[in-house]
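Asker: sequence and predicted structure, then a few things I'm wondering about:
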Amino acid sequence: MANLYNNLNLIDLNDYSVSWWEKLLDRAHKIMADPSAYAESCKGKIMGTLFYEPSTRTQMSFQTAMLRLGGTIIGFDNPATSSVAKGENIKDTTKIVSGYADIMVMRHPVAGSVKAAALTADCPVINAGDGGHLHPTQTLTDLLTLKEEKGSLEGLCIGLCGDLKNGRTVHSLIKAMSCFKGTSFVLISTPELALPAYIKDVLSAGGHPYKEVSSLDDAVGMLDVLYMTRIQRERFASPEEYEKQKGHYILDKKKMAKAKDSMIVLHPLPRVDEIAIEVDDDPRAMYFKQAKYGMYIRMALILTMLEENSMKVPLITGKVHEHQKCSNPLCITHKETYLPHYFRGDGTMLECEYCDERTLVE
Amino acid sequence: MANLYNNLNLIDLNDYSVSWWEKLLDRAHKIMADPSAYAESCKGKIMGTLFYEPSTRTQMSFQTAMLRLGGTIIGFDNPATSSVAKGENIKDTTKIVSGYADIMVMRHPVAGSVKAAALTADCPVINAGDGGHLHPTQTLTDLLTLKEEKGSLEGLCIGLCGDLKNGRTVHSLIKAMSCFKGTSFVLISTPELALPAYIKDVLSAGGHPYKEVSSLDDAVGMLDVLYMTRIQRERFASPEEYEKQKGHYILDKKKMAKAKDSMIVLHPLPRVDEIAIEVDDDPRAMYFKQAKYGMYIRMALILTMLEENSMKVPLITGKVHEHQKCSNPLCITHKETYLPHYFRGDGTMLECEYCDERTLVE
Amino acid sequence: MANLYNNLNLIDLNDYSVSWWEKLLDRAHKIMADPSAYAESCKGKIMGTLFYEPSTRTQMSFQTAMLRLGGTIIGFDNPATSSVAKGENIKDTTKIVSGYADIMVMRHPVAGSVKAAALTADCPVINAGDGGHLHPTQTLTDLLTLKEEKGSLEGLCIGLCGDLKNGRTVHSLIKAMSCFKGTSFVLISTPELALPAYIKDVLSAGGHPYKEVSSLDDAVGMLDVLYMTRIQRERFASPEEYEKQKGHYILDKKKMAKAKDSMIVLHPLPRVDEIAIEVDDDPRAMYFKQAKYGMYIRMALILTMLEENSMKVPLITGKVHEHQKCSNPLCITHKETYLPHYFRGDGTMLECEYCDERTLVE
């Protein structure tokens, strides 16, 4: 357990306060204003990028961020040809890479895997996506885009459109924006892809007004921000059902004509066809610029993690329940069986420290 | 259309004047004379290398060039494992990478793809090969090798041997050398692999003497330069036919004995067996040195593109013909259907701006 | 033959004297004491890493070493997607890369391949593993770990456990430690996986005491060093046989309790299950730290190779026997047939210069 406080890690945005997020946003703003002032801030530092599943866009964003700070990079991006990733447990691989690198960025298809790595790593660890679970730097990217483009994170009417049921990005953004005064939400989806109840509970608890609608056409006029997402064909019962519905959610010039002049369009990318290419030239289309904001917020994050590494943020707040198994079959604890069974809470309901799933104690 | 003049790009060598080429060659010469003087010329600059098909040699040449200028590199080289390259249109991928990088190098299997990327990219773009269409930095490499090793690009008798029909490299070199006084050509091939008529027309139009021969043995004695190329087995009707003919085109010590002392041997590499390994130790064998010249000309090119980015070279000289399709089924416009249909010329014959194919207007 | 003395290469540790090894160990010690003093030692230098088979760990160790010296990296790690590695002979590929890079690190599945590359390379070459033949930087890593953790390389009782028959790492370490006074060995294995006779001959010749035992439990108490290795299932006649025996060679807390307080545990990694994860927290577990020592010794090696490149160490000491073939069917000379047939010795027994196999002259 010696390592639980050794380093600063970013596993879950909610491990940090809103004021810490705001400090990051401010720092990114300063970097954008004068990038050359930071060109040697990480000179001599090495970032390890461990991508257990390919995500070229996220990886390039992190790499560019580190290079623009004067640092360098090691790592792998192709589990199929990486002898480290293949057949070796996460602990051994990350233990070694964190011995070589000064900061480690990790993406992995299994929920809780990045926290598992952070438990024994010898340097700060950043979660670049652990399966469908968390992806905090995407949310930071969204927040920076909103802050820079709208001037403030307060009082925004945010429309979210597409797959609101399965979209990790959407859930995370809603939770984050619920921390700011005056946010209201318009949830635009088919009933099949509606926002899960437990996230609507977050909105209600925070007193944030929201409405659920099925027509983008009707909703677009009232929004300050439109956050588009991919709709995945396989979520629908039949191809006909998919074809019938997806048309509602293609943003095109005609729909943009109904939107406010000040509305901005975000998308985590990649897009399939939910935003027509004709929209790209609209000055309100912000998704390419959003990708660039992603680079700046990552610069701010890397700098902060390296500088504030003496700040101790506990990685684990619960304790070991040796004989209790996490009820989530996709949790990392079922694949890496040496991991201690950490849970938060006590009594009959425990929350897995890795994947955040709740488990009823038998 | 806003981006059409935004950046300097190298898509086709013929977009630039011969004097611009010569400036590049001079610059490469200066770099070779004192490389350490350029060791920080691109400090803080990032090059994005987008290799949609693997070409390790070309990629390493560009990477080394950038590193020797003090710059750094992001990118991908393996479309199979790159989530960016897979299933995303060229515009989105290159838009994002060009937002991260200061200069972008792109190789892609489809003709016109690199120009398509340059249309919307946010930084200068260099064509590192677009299918069988263009590969301007190989031609620049050949020119630098000739200039450095022969002292001048004028008055050279150049033998080209092997597959003259399909060799992009050969066609491009012939066109380039046709711009210099006193060049003569000896075209050494089987009838099946002879130089296409439209390139011979270029030679005739420029008043450049050329002769077509089938025996390397007979021709080698008259050459100042011998440019060898691969012969591909699959071009022949039968294996027997291939075996019978390929022997003529294996350069060995015996044939080298008939060549001038001052003749030099070039090859774009990789070779199969058209140059016997025993030739490697001959001081006239220049193909490995040629690869190194390739690095220096790329250093000169990267420097020039970054410095002269304010120089506006129009990417498109024609205009949109909305309802006209390019007649080349392998043109990028058939895969990336959002691309505007740019054509040069008017009347009944239009020339596609992407792949240079001529299309008869119906 | 012009290149045989051109550059300093590290193909086989035994090409150098023990005092040269010790200079490397001392240099690594100095680097560890003050790494920042070396942060720009290789500024402007490029290392080419040519990994013809994936070995992410070794590659990252070399890359980190070069980056921590201020140098940069080109190369490939995935033969499947590398156009250079595919279908081109070793000479052409390494000739070109060594023209771009200042130092080259190469791993290849075939014995003798790295020496073959060094014959014609234009820069120093380091062997990062040539099949089951040699892996000198692993042995240097082991030596540095022993030197740093035990204070001296003399008088150590070293236990080697697991597959002593096939383990290249083990053979190489035994040979190296035989050069130091007072070393004794405990060889812990099943009879099927016992150390080959010719290596035992080395021990006897050097007057080094050794004993062969089959129980780790019995042996562990007498050791200063325990070097664990993987046991590979496929070496056993039946799965039952494997299951029955492998249990003896799992190092766990119970066995550690019988070991000296000063004993250290090494493992070249990756491990499968021969060291229980519960041992990781034992301060005597040195295998992760060993990986980090690997980075420091590689820093010392890279520096030394670049600085002492004028020191001429002959790559070939024997001579060409044109019509003699190496008797080892896995030797690189059978794949790259252009290679001169260099052998050491004369008379009826010749030793291949590439793979070190002895061949009886017919």
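Answerer: Arrived safely. Numbering: from 1, shown residues only, chains lettered A, B, ... in the order given.
Asker: confirm A:Gln63 sits in a helix?
Answerer: Yes - counting by DSSP: H, G, I helix; E, B strand; the rest coil, A:Gln63 is found in a helix.
Asker: what distance do you get for it to B:Val105?
Answerer: 16 Å (Cβ to Cβ, to the nearest Å). In short, each C-beta sits where N, CA and C put it, glycine included.
Asker: which one's more surrounded, the two?
Answerer: B:Val105 (32 against 26; other Cβ atoms under 10 Å in any protein chain shown).
Asker: what's the per-residue pLDDT of the more buried one here?
Answerer: Note on B:Val105: pLDDT of 98.
Asker: just checking, next helix/strand downstream of the helix or strand encompassing A:Leu119?
Answerer: Element membership of A:Leu119 [criterion: DSSP states H and E] is helix A:113-120. Later in the chain than helix A:113-120, the nearest helix or strand by DSSP H and E is strand A:125-130.
Asker: what angle do the very next helix or strand once past that next one and helix A:113-120 make?
Answerer: Downstream of strand A:125-130, the first helix or strand assigned by DSSP H and E is helix A:136-150. On the basis of axes from the mean of the first three to the mean of the last three Cα atoms, to 10 degrees, helix A:136-150 is oriented at 110 degrees to helix A:113-120.
Asker: so after helix A:136-150, what's the next helix or strand?
Answerer: strand A:157-161.
Asker: other SSEs contacting that following strand?
Answerer: helix A:168-177, strand A:184-188, helix A:216-219, strand A:225-228 (3 or more Cβ pairs under 8 Å, 6 or more residues apart in numbering or on different chains; DSSP states H and E).
Asker: and it, which strands flank it?
Answerer: strand A:184-188 (parallel), strand A:225-228 (parallel) (DSSP bridges).
Asker: before we move on, back to that, how about a markdown table for the helices and strands packed on strand A:157-161, with distance to B:Leu50 added?
Answerer: Output for the helices and strands packed on strand A:157-161, formatted as a markdown table (distance: least, Cβ to Cβ, whole Å):
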| stretch | distance to B:Leu50 |
| --- | --- |
| helix A:168-177 | 25 |
| strand A:184-188 | 34 |
| helix A:216-219 | 33 |
| strand A:225-228 | 25 |
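Asker: mind checking the ones you listed for the one nearest to C:Thr317?
Answerer: Comparison of the helices and strands packed on strand A:157-161 against C:Thr317 by Cβ to Cβ identifies helix A:168-177 as nearest, at 62.3 Å.
Asker: hmm, who's touching that closest one?
Answerer: Residues from elsewhere that reach helix A:168-177 (Cβ atoms under 8 Å, 6 or more residues apart in numbering or on different chains): A:13-14, A:21, A:132-136, A:138-139, A:142-143, A:146, A:153, A:156, A:158, A:160, A:162-164, A:183, A:185, A:195-196, A:199, A:202-203, A:227, A:229, A:268.
Asker: packing partners of the helix holding A:Leu119?
Answerer: helix A:90-100, strand A:103-108, strand A:125-130.
Asker: the spatially most central residue of chain A - nearest residue in space that isn't next to it in sequence?
Answerer: The centroid of chain A falls nearest to A:His135 when counting by Cα atoms, centre = their mean (2.4 Å). Excluding its sequence neighbours, the residue lying closest to A:His135 (Cβ to Cβ, 6 or more residues apart in numbering or on different chains) is A:Gly129, at 4.4 Å.
Asker: quick check: the residue of the stretch 201-350 of chain A nearest chain C.
Answerer: A:Tyr338 (4.3 Å; Cβ to the nearest Cβ).
Asker: for that residue, which residues are in contact?
Answerer: A:Asn89, A:Lys91, C:Ile277.
Asker: returning to what we had before: most tightly packed of the strands paired with strand A:157-161?
Answerer: strand A:225-228 (a mean of 26; mean count of other Cβ atoms under 10 Å in any protein chain shown).
Asker: buried sites along the helix or strand following that strand?
Answerer: Note on strand A:225-228: by DSSP H and E, the next helix or strand toward the C-terminus is helix A:239-246. Neighbour counts over helix A:239-246 (16 or more other Cβ atoms under 10 Å in any protein chain shown) mark A:Tyr242, A:Gln245, A:Lys246 as buried.
Asker: show me what helix A:239-246 is in contact with.
Answerer: Under Cβ under 8 Å, 6+ apart, the answer for helix A:239-246 is A:Thr190, A:Ile231, A:Arg233, A:Arg235, A:Phe236, A:Glu274.
Asker: could you export the strands paired with strand A:157-161 as JSON lines, including distance to B:Lys292 and mean pLDDT?
Answerer: Shown next, in JSON lines, are those (distance: least, Cβ to Cβ, whole Å; pLDDT from 0 to 100):
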{"stretch": "strand A:184-188", "distance to B:Lys292": "58", "mean pLDDT": "98"}
{"stretch": "strand A:225-228", "distance to B:Lys292": "49", "mean pLDDT": "98"}
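Asker: residues from the stretch 201-350 of chain A in reach of chain B?
Answerer: Proximity of the stretch 201-350 of chain A to chain B, by Cβ under 8 Å from any Cβ of the partner chain, involves residues A:Leu269, A:Pro270, A:Arg271, A:Ile277, A:Asp280, A:Asp281, A:Phe288, A:Lys289, A:Ala291, A:Lys292, A:Met295.
Asker: just the CA atoms of the least confident helix or strand in chain A by mean pLDDT, as PDB, please.
Answerer: The helix or strand of chain A with the lowest confidence, counting by mean pLDDT, DSSP states H and E, is helix A:239-246 at a mean of 77. Extracted in PDB, the C-alpha atoms of helix A:239-246 (Å, rounded to 0.1, in the frame of the first residue of the first chain):
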ATOM      1  CA  PRO A 239     -31.500  -1.300 -40.100                       C
ATOM      2  CA  GLU A 240     -34.800   0.300 -41.100                       C
ATOM      3  CA  GLU A 241     -35.300   1.700 -37.600                       C
ATOM      4  CA  TYR A 242     -31.800   3.100 -37.800                       C
ATOM      5  CA  GLU A 243     -32.200   4.700 -41.200                       C
ATOM      6  CA  LYS A 244     -35.500   6.200 -40.200                       C
ATOM      7  CA  GLN A 245     -34.200   7.900 -37.100                       C
ATOM      8  CA  LYS A 246     -30.700   8.900 -37.900                       C
END
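Asker: list the contacts for A:Ile103?
Answerer: Counting by Cβ under 8 Å, 6+ apart, A:Ile103 has contacts A:Lys45, A:Ile46, A:Met47, A:Gly48, A:Cys123, A:Pro124, A:Val125, A:Ile126, A:Ile302, A:Met305, A:Leu306.
Asker: correct me, but A:Met104 touches A:Asn127?
Answerer: No - with contact defined as Cβ atoms under 8 Å, A:Met104 and A:Asn127 do not form a contacting pair (10.3 Å).
Asker: which one's more surrounded, these two?
Answerer: Counted by other Cβ under 10 Å, A:Met104 and A:Asn127 do not tie: A:Met104 has more neighbours, with 29 against 24.
Asker: tell me the contacts of the more buried one?
Answerer: Counting by Cβ under 8 Å, 6+ apart, A:Met104 has contacts A:47-50, A:94, A:97-98, A:117, A:121, A:123-126.
Asker: how about 10 Å then?
Answerer: Going by Cβ atoms under 10 Å, 6 or more residues apart in numbering or on different chains, A:Met104 touches A:7, A:9, A:46-50, A:74-75, A:94, A:97-98, A:114, A:117-118, A:121-126, A:128, A:305.
Asker: can you give me the distance of it to C:Ala285?
Answerer: 21 Å.
Asker: and for A:Arg57?
Answerer: Applying Cβ to Cβ to A:Arg57 and C:Ala285 gives a distance of 39 Å.
Asker: neighbour count: these two, which is higher?
Answerer: A:Arg57 (22 against 19).
Asker: A helix includes that one, no?
Answerer: Yes - assessed with three-state DSSP, A:Arg57 lies in a helix.
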